[in-house]
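Enquirer: model this:
(one chain, ligands or ions: 1)
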Amino acid sequence: MTTETSSTAARPGRQENEALAERLGVLALSLRVGHTHELTPSCRRIELTGDELGAMEPLPGQDLMIALGEEGARPCRRRYTIRHFDRAACQVDLDIALHGDGPGIRWAMASEPGLPVEAVGPRGKISLDPEATWHLFVGDDAFAPAALAMAEAVPDDQSVLLAIEIDGAGHEQPEEIHAPVVGPRWVHRGQGSPSDPARLLEAVASLPLPDGPGHAYVGGEHHLVAALRDALVARGMAPDTVSFKSYWRLGRQNAVNGEPERT
Ligand SMILES: Cc1cc2nc3c(=O)[nH]c(=O)nc-3n(C[C@H](O)[C@H](O)[C@H](O)COP(=O)(O)OP(=O)(O)OC[C@H]3O[C@@H](n4cnc5c(N)ncnc54)[C@H](O)[C@@H]3O)c2cc1C
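Expert: So this is what the prediction gives:
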């Protein structure tokens with residue numbers, strides 16, 4: 001533990017990350033890429049290790065913000081959801097959807113064992129609603145890690161409703177959800193646009209919403225998320241029971257803070 005910790009201060013980007021982490025009230029994490037592999041043809045799993053992960057206590061659905069060099073004068077960052085966390089092994093798995101061509105995808109494609117990674121986290125305000133007895137997850141493949149991490153944490157006496165858009169057959173991802181699952185789980189995009197909400201709107205419209213308190217979690221492409229959120233509210237869900245997050249925006253680069261521009 002001493003070796004890793006004592007070498008972190010000298011890492012490029014560490015000082016900026018420490019200042020950012022302090023401002024956000026999270027941890028600065030100097031990590032290394034462990035094993036990487038293709039989970040599906042369009043999703044790359046990257047294992048990150050580092051002793052500092054031993055102090056992290058992420059909630060299901062939270063993410064790490066990864067520093068990816070500079071863009072202009074500012075550090076460029078992208079956010080990736082913690083798909084699995086193993087505190088004893090000081091390891092997190094990130095699953096990256098391989099679409100588009102930006103700093104995040106280039107980092108994911110170039111990652112190889114031993115590569116240093118500077119991150120801060122855990123980040124993110126959306127996690128399981130403790131008041132809900134059913135949980136609806138809907139979004140695209142960038143949201144799959146958050147949806148699956150949260151769905152796997154739903155107790156088996158509650159229920160999960162799941163509709164995640166992926167490229168097509170052969171792109172389904174492994175999961176270990178304990179609660180009963182209602183819904184298609186995977187919706188195929190085919191040749192359609194990833195910002196066209198039609199397929200997921202149809203999938204959600206055909207889902208019977210169970211009785212009792214429920215919560216919906218929506219994530220993915222900017223326009224897709226807005227349309228799904230509006231549809232769920234129009235269907236009668238109270239706005240404060242629909243948590244939504246825009247992850248990326250078609251045709252536009254995310255800002256250096258890792259978020260899509262709103263305007
Ligand atoms: C809280 C949060 C959690 C996230 N968790 C994950 C996660 O676990 N896994 C994950 O894969 N992503 C996740 N994302 C999205 C991720 O942070 C990046 O937005 C994504 O990897 C693209 O980054 P980039 O730098 O390659 O592309 P950018 O520089 O942002 O964009 C470059 C170009 O690629 C296009 N593009 C970007 N993404 C896609 C896409 N999915 N399909 C088609 N075109 C695209 C853009 O429209 C743009 O034209 C999350 C985002 C947030 C805000």
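Enquirer: so which residues make contact with stretch 247-255?
Expert: 78-79, 100, 102, 104, 139-140, 142-143, 193-195, 219-223, 225, 260-261 (Cβ atoms under 8 Å, 6 or more residues apart in numbering). The C-beta positions use only the backbone N, C-alpha and C, and glycine is treated the same way.
Enquirer: buried residues of that stretch, list them for me.
Expert: Applying a neighbour-count criterion of 16 or more other Cβ atoms under 10 Å, one finds 247-249, 253-254 buried in stretch 247-255.
Enquirer: got it, and stretch 110-117?
Expert: Those would be 111, 117, for stretch 110-117 by 16+ other Cβ under 10 Å.
Enquirer: what comes into contact with that stretch?
Expert: Outside stretch 110-117, the residues touching it (Cβ under 8 Å, 6+ apart) are 11, 30-36, 44, 46, 48, 66-67.
Enquirer: tell me the residues of this protein that contact the ligand?
Expert: The chain comes close to the ligand at residues 63, 78-81, 95-97, 99-105, 124, 142, 145, 194, 245, 247-254, 258-259, as judged by Cβ under 6 Å from any ligand atom.
Enquirer: filter those residues down to the buried ones, ChimeraX style.
Expert: Written as a ChimeraX command, the selection of buried residues from those, which uses 16+ other Cβ under 10 Å, is:
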select :63,78,79,80,81,95,96,97,99,103,104,105,124,142,145,194,245,247,248,249,253,254,258,259
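Enquirer: among the residues of the chain next to the ligand, name the ones in helices.
Expert: 103-105, 145 (DSSP state H).
Enquirer: where in the chain is pLDDT low?
Expert: Within the chain, the stretches with pLDDT under 70 are 1-7, 9.
Enquirer: excluding covalently adjacent residues, which one is nearest to the residue of the stretch 101-250 of the chain found nearest the ligand?
Expert: Residue of the stretch 101-250 of the chain nearest the ligand, by Cβ to the nearest ligand atom: residue 102 (2.2 Å). Distance criterion Cβ to Cβ, 6 or more residues apart in numbering; nearest residue to residue 102, sequence neighbours excluded, is residue 253 at 5.7 Å.
Enquirer: give me the three-state assignment for residue 58.
Expert: Following DSSP: H, G, I helix; E, B strand; the rest coil, the label given to residue 58 is coil.
Enquirer: and the strands in this protein?
Expert: In the chain, the strands defined using DSSP state E lie at 27-40, 43-49, 63-71, 74-86, 91-97, 116-123, 134-140, 159-166, 181-188, 214-221, 242-248.
Enquirer: helices and strands around the fifth one, which ones?
Expert: Contact analysis of strand 91-97 by 3 or more Cβ pairs under 8 Å, 6 or more residues apart in numbering; DSSP states H and E lists strand 43-49, strand 74-86, helix 103-110, helix 144-151 as its packing neighbours.
Enquirer: tell me which of these sits most buried.
Expert: helix 144-151 (a mean of 27; mean count of other Cβ atoms under 10 Å).
Enquirer: angle of that one against strand 181-188?
Expert: 170 degrees (axes from the mean of the first three to the mean of the last three Cα atoms, to 10 degrees).
Enquirer: pull the distance from helix 144-151 to the chain's centre.
Expert: Between the centre of helix 144-151 and the centre of its chain there are 7 Å (Cα atoms, centre = their mean, to the nearest Å).
Enquirer: now stretch 86-100
Expert: 10 Å.
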